[in-house]
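Trainee: Coordinates for the following, if possible.
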Amino acid sequence: MKKIAITDKEVVKNICNIATEVCGLRKGILTTRTRFREIHIPRMVVSNISLVEKGIHYNTIAEVLKRHRSSIYYYEKYHEIYYSHWDHYRRIYNKVYNAYTDGKKAQLKEVDLKDLLKDAEIFNRKDPQVFIDVLVGEASTSIKSTYKDFTADVESIKRALKDYTHDLYINL
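Mentor: Below is the predicted model:
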């Protein structure tokens with residue numbers, strides 16, 4: 001079985017949008033080639049929040065930011081140093097991180113997760129071909145789906161969990 005994260009790109013894009021809004025930049029500017037400090041620092045912050053807080057793979061972050069994977073390694077390498085010694089970086093990191101986590105609930109009990117999905121009319125399909133693992137904090141459950149219903153099921157799950165920090169994984 002192969003496990004594929006389906007929300008990672010969306011999470012990085014969401015953090016990019018939050019960073020541009022918090023820093024007063026125009027949408028999409030973090031993916032440009034510029035190295036101006038006003039843009040480079042938020043780009044580093046997006047990368048490090050994605051890496052440190054969400055555990056998103058270097059390649060996914062690099063793809064969304066339109067950077068080489070080695071740039072993401074660089075951002076990770078200097079994160080602790082910059083955070084502890086560079087006030088400007090620390091301030092931007094904290095602003096973006098707080099804006100990202102504000103309003104989203106990070107914890108949910110497993111029984112509550114199942115009830116939330118049940119209330120949203122998300123149920124296991126007969127003769128499953130695809131398994132969707134849903135994680136909210138420590139709580140997790142697996143939804144059985146078919147190739148035909150997979151896209152609709154994922155969209156329904158995302159709608160049901162819009163107020164929660166969550167991850168979705170596909171098991172084929």
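Trainee: drop to CA atoms for contacts and neighbour counts, all remaining ones
Mentor: Will do.
Trainee: Can you give the domain ranges for this structure?
Mentor: Split into domains by automatic domain parsing, the chain comes to 8-101, 110-171.
Trainee: Where among those is average confidence lowest?
Mentor: Of all these, the minimum mean pLDDT falls on domain 110-171 (a mean of 90).
Trainee: Over to that one now: how far is its first residue from its last?
Mentor: 20 Å (Cα to Cα, to the nearest Å).
Trainee: any chance of the domains of the chain in a markdown table, with mean neighbour count too?
Mentor: Listed next are these as a markdown table, based on neighbours: other Cα atoms under 10 Å:
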| stretch | mean neighbour count |
| --- | --- |
| domain 8-101 | 17 |
| domain 110-171 | 16 |
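Trainee: In the chain, mark out all the helices, start to finish.
Mentor: 8-23, 37-48, 58-65, 69-85, 87-101, 110-119, 150-160 (DSSP state H).
Trainee: Nearest to Asp167 among these would be which one?
Mentor: helix 8-23 (7.8 Å; Cα to Cα).
Trainee: Just the CA coordinates for the closest one, please, in PDB.
Mentor: Output of helix 8-23 as PDB, limited to C-alpha atoms (Å, rounded to 0.1, in the frame of the first residue of the first chain):
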ATOM      1  CA  ASP A   8       0.200  19.200   2.100                       C
ATOM      2  CA  LYS A   9       0.300  21.500  -1.000                       C
ATOM      3  CA  GLU A  10      -2.900  23.200   0.200                       C
ATOM      4  CA  VAL A  11      -1.400  23.700   3.700                       C
ATOM      5  CA  VAL A  12       1.700  25.300   2.200                       C
ATOM      6  CA  LYS A  13      -0.400  27.500  -0.100                       C
ATOM      7  CA  ASN A  14      -2.600  28.500   2.800                       C
ATOM      8  CA  ILE A  15       0.400  29.500   4.900                       C
ATOM      9  CA  CYS A  16       1.800  31.500   1.900                       C
ATOM     10  CA  ASN A  17      -1.500  33.400   1.600                       C
ATOM     11  CA  ILE A  18      -1.500  34.100   5.400                       C
ATOM     12  CA  ALA A  19       2.200  35.300   5.200                       C
ATOM     13  CA  THR A  20       1.500  37.600   2.300                       C
ATOM     14  CA  GLU A  21      -1.500  39.000   4.100                       C
ATOM     15  CA  VAL A  22       0.300  39.500   7.500                       C
ATOM     16  CA  CYS A  23       3.300  41.000   5.800                       C
END
